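Sequence plus predicted model, see below.
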Amino acid sequence: MDTAKSWLAELDYAQLMDLRVDYAFKLLFTKGDSRLLISLLNAIFANKKIFRVIKTLTVKNPYLDKESNEDKLSILDIRAELDDGTTILIEMHMYGLGELKAKTIRSWARAYGEDLEVGASYTAQPPTITIAFTNGTIESIIYDKHTNLNIDKIHRLCMIMDCEDFTVFTNAMELHYIDMKAFAKAVNEADGIVINDTVEMMFAKWLSIITQKEITNKAIIENACEEEEIYMAVTALARQSEDKIIRQAYQRRQDEIYFQNKAMFERDEYKRKAEQLQSENEQLRRQLAEFQKNKIL
């Protein structure tokens, strides 16, 4: 491992592809050794103390069938199936978090009922798990009553529960939202990985690799590479990043994401200004009506 550390110390991290870009993420976790994806998933489940240890999986077609000709086509970053039939949907989201909850629930619903055969028992339907990596929070800031501080939740697990006794109603739905920005912020502020009730070590190590572009102290990345699968991941990422054809495809996708976000921002800004003008016009109309009323009186 000393040789590995020497190699890592000389690694130019600026030249590595950003795993938060879906192209790079999918390439690393689906085109190489399946142990990388298995290790990542096991770390995610362990972080929420879910007793599920994956040993093998099969990467499936990332397309989810449309329900009608007018329906939007859902394309996942990674779609995998476990030996027991459980479906796992994984997506990387850099932007457009405002509608993310609705999108992930819709993708879950399609995948959950997609393979159910006619006449088959509904109770035999295996669970569907959705994992969304997000570059920011999908919720408003959470207040921690114990510390009197606002906190950014890194890993949110959502399931269908009984509203009175909070028991799990069904394990058919399992939604994981992982806030990469909150993780990188916490690591940089502590200048290291801080383990608490919501962050398990292997999960944190994988997140440090995925968010390495935002991690200031690169020694944290080097320490994470003490894990065999993570070292394999960084080695594969470095090799892929040097491939000219892969790099060109990655750059095209990065540019596409940038312009999509720019168009989304401009659309939202236009909508915000239109709503503001409408509000100002309503206020002027009310003032004019009040003025005319007083003038008559």
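In hand now; what should we look at? As the structure is a prediction and not an experimental result, all values here were calculated from the model.

Which strand in the protein has the most residues?
Taking DSSP state E as the criterion, the chain has its longest strand at strand 168-179.

And it, how far out from the chain middle?
Here strand 168-179 is found 14 Å from its chain centre; the criterion is C-alpha atoms, centre = their mean, to the nearest Å.

same check, this time on stretch 223-231
Using C-alpha atoms, centre = their mean, the offset of stretch 223-231 from its chain centre is 22 Å.

Use 35 as the first number for this chain going forward.
New numbering, starting at 35: the last item is stretch 257-265.

Start and end of it, how far apart?
Stretch 257-265 has an end-to-end distance of 10 Å (C-alpha to C-alpha, to the nearest Å).

what is the rounded mean pLDDT of that stretch?
Per-residue pLDDT over stretch 257-265 has a mean of 93.

which strands and helices sit next to the longest strand of the chain?
Other elements packing on strand 202-213 under the criterion 3 or more C-beta pairs under 8 Å, 6 or more residues apart in numbering; DSSP states H and E are helix 134-148, strand 162-168, strand 189-195. For glycine as for every other residue, the C-beta is placed from the backbone atoms N, C-alpha and C.

Packing partners of the first one?
Think helix 134-148. Against helix 134-148 (3+ C-beta pairs under 8 Å, 6+ apart) you get strand 97-98, strand 108-109, strand 121-127, strand 162-168, strand 202-213.

now what about the longest strand of the chain, what contacts it?
For strand 202-213, the external contacting residues (C-beta atoms under 8 Å, 6 or more residues apart in numbering) are 78, 82, 134, 138-139, 142, 146, 159, 161-168, 170-172, 186-196, 241.

Just the buried ones from these?
78, 134, 138, 142, 146, 161-168, 171-172, 187-191, 241 (16 or more other C-beta atoms under 10 Å).

what's near enough to touch the spatially closest residue to residue 295 that is not a sequence neighbour?
Nearest non-adjacent residue to residue 295, counting by C-beta to C-beta, 6 or more residues apart in numbering: residue 129, 4.3 Å away. Going by C-beta under 8 Å, 6+ apart, residue 129 touches 169, 291, 294-295, 298.

please redo it, this time with the cut-off set to 10 Å
Taking C-beta atoms under 10 Å, 6 or more residues apart in numbering, we find residue 129 in contact with 168-170, 291-292, 294-296, 298-299.

out of the residues you listed, who's nearest residue 96?
residue 291 (17.0 Å; C-beta to C-beta).

I'd say residue 63 and residue 114 touch.
Yes: Residue 63 sits in contact with residue 114 when judged by C-beta atoms under 10 Å, with a separation of 9.3 Å.

Quickly list what's touching both of those two.
Joint contacts of residue 63 and residue 114 (C-beta under 10 Å, 6+ apart) are 71-72, 75, 93, 124.

Just name the lowest-scoring one in these, pLDDT-wise.
Within the shared contacts of residue 63 and residue 114, lowest confidence goes to residue 93 (91).

ok so, going back, filter the contacts of residue 129 down to just the buried residues.
So, by 16+ other C-beta under 10 Å, the buried ones in those are 168-169, 291.

Okay, now the unreliable bits of the stretch 85-234 of the chain?
98-109, 149-154, 174-186, 229-232 (pLDDT under 70).

Could you pull out the helices in the chain for me?
Secondary structure of the chain (DSSP state H): helices at 36-43, 56-64, 68-81, 134-148, 214-224, 235-244, 253-258, 262-276, 278-330.

Would you mind pulling up the elements that the fifth one packs against?
Using 3 or more C-beta pairs under 10 Å, 6 or more residues apart in numbering; DSSP states H and E, the elements in contact with helix 214-224 are strand 162-168, helix 235-244, helix 253-258.

closest to residue 322 out of those?
Distance to residue 322, taken as C-beta to C-beta, is lowest for strand 162-168 among these, at 45.7 Å.

relative orientation of the closest one and strand 189-195 in degrees?
Taking axes from the mean of the first three to the mean of the last three C-alpha atoms, to 10 degrees, one finds strand 162-168 and strand 189-195 inclined to each other by 150 degrees.

Output strand 162-168 as CSV, restricted to C-alpha atoms.
Output of strand 162-168 as CSV, limited to C-alpha atoms (Å, rounded to 0.1, in the frame of the first residue of the first chain):
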residue,chain,number,x,y,z
THR,A,162,-37.8,-1.4,-5.7
ILE,A,163,-35.1,0.8,-4.3
THR,A,164,-34.3,4.3,-5.6
ILE,A,165,-31.0,6.0,-4.8
ALA,A,166,-30.6,9.7,-5.9
PHE,A,167,-27.3,11.5,-5.5
THR,A,168,-28.1,15.2,-5.3
